[in-house]
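Novice: following is a predicted model, sequence given first.
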Amino acid sequence: LEVKMELVTISEKDSKDLIYKSNNLVNSKYNITLIQARFIAFMSSLINAYDKDFFTYTVRVPVILDFLKIDRKNINRLSDSLKQLLTTMICLQNDENVEEYTTFLSHFKLDKKNDLLEFSFHSSLKIHYLQLKNNFTKLKLEQYNKFESVYTLRFYEWLEYNQSLYERYKNPKYSCFEISVDELVD
């Protein structure tokens, strides 16, 4: 079975301000760097939540380097980060009944000669980005460049998730957030 994904060329203005992620993905466990977290946020901002499938996106390298705050002379840093994302496991669920793991990227192609970066999400993440009806968190792309730590970014996502629970259910139980140190370390 061969699946062919449509290629979509993206400019800086095509990136949206908001990212929609399933709550399951927001609360999943994975270990990535700050550059990788920003790249995932940038990728996620390109997704139209109403699409039925992922696309393969093409972005001009200067656009992504600028967003990631990487100097052009350090372009190999981008390549190394993307290679790691191909194999970084995301734990979506791990309990006695079900184990579910996936990765963020299915592929990338860094064309330094033509200054293009082509990439696509792993298809198993479709249910976490597309056709979301409920149980999702809305995140602001601009926030991802304000933090200097991947832990702060993850904490931001967790806070937005909890805030969305409060707004959705108007339950006072969700008006105050509590988290143990052990949960932060996970």
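Specialist: Done, it's in.
Novice: contacts only, for the residue nearest the centre of the chain.
Specialist: In the chain, the residue lying closest to the centroid (C-alpha atoms, centre = their mean) is Ile40, at 3.5 Å. Counting by C-beta atoms under 8 Å, 6 or more residues apart in numbering, Ile40 touches 32, 85, 104. Just so you know, the C-beta spots here come from the backbone N, C-alpha and C atoms, and that holds for glycine as well.
Novice: from the residues you listed, which would you call buried?
Specialist: Listed as buried from those are 32, 85, 104; burial here means 16 or more other C-beta atoms under 10 Å.
Novice: just send these back as JSON lines, with distance to Asp71 too.
Specialist: Converted to JSON lines, these look like this (distance: C-beta to C-beta, whole Å):
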{"residue": "Ile32", "distance to Asp71": "21"}
{"residue": "Leu85", "distance to Asp71": "20"}
{"residue": "Phe104", "distance to Asp71": "24"}
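Novice: which of these sits closest to Asn114?
Specialist: Leu85 (21.6 Å; C-beta to C-beta).
Novice: that closest one against His107, yeah?
Specialist: No. Leu85 is beyond contact range of His107, at 10.6 Å (criterion: C-beta atoms under 8 Å).
Novice: got any residues that touch both of the two?
Specialist: With C-beta under 8 Å, 6+ apart, Leu85 and His107 have no common neighbours.
Novice: now the longest helix anywhere in the chain: buried residues?
Specialist: Ranked by residue count under DSSP state H, the longest helix found in the chain is helix 150-169. By 16+ other C-beta under 10 Å, the buried positions in helix 150-169 come out as 150, 153-154, 156-158, 160-162, 164-165.
Novice: I'd like the distance between Ser28 and Phe54.
Specialist: To Phe54, Ser28 is 18 Å away according to C-beta to C-beta, to the nearest Å.
Novice: what's the neighbour count on Asp80?
Specialist: With neighbours defined by other C-beta atoms under 10 Å, the count for Asp80 comes to 14.
Novice: element containing it, please.
Specialist: Under the criterion of DSSP states H and E, Asp80 resides in helix 75-87.
Novice: so what touches that helix?
Specialist: By C-beta under 8 Å, 6+ apart, the residues outside helix 75-87 that reach it are 32-33, 35-36, 39-40, 61, 64-65, 68, 70, 103-105, 107-108, 110, 112, 117, 119.
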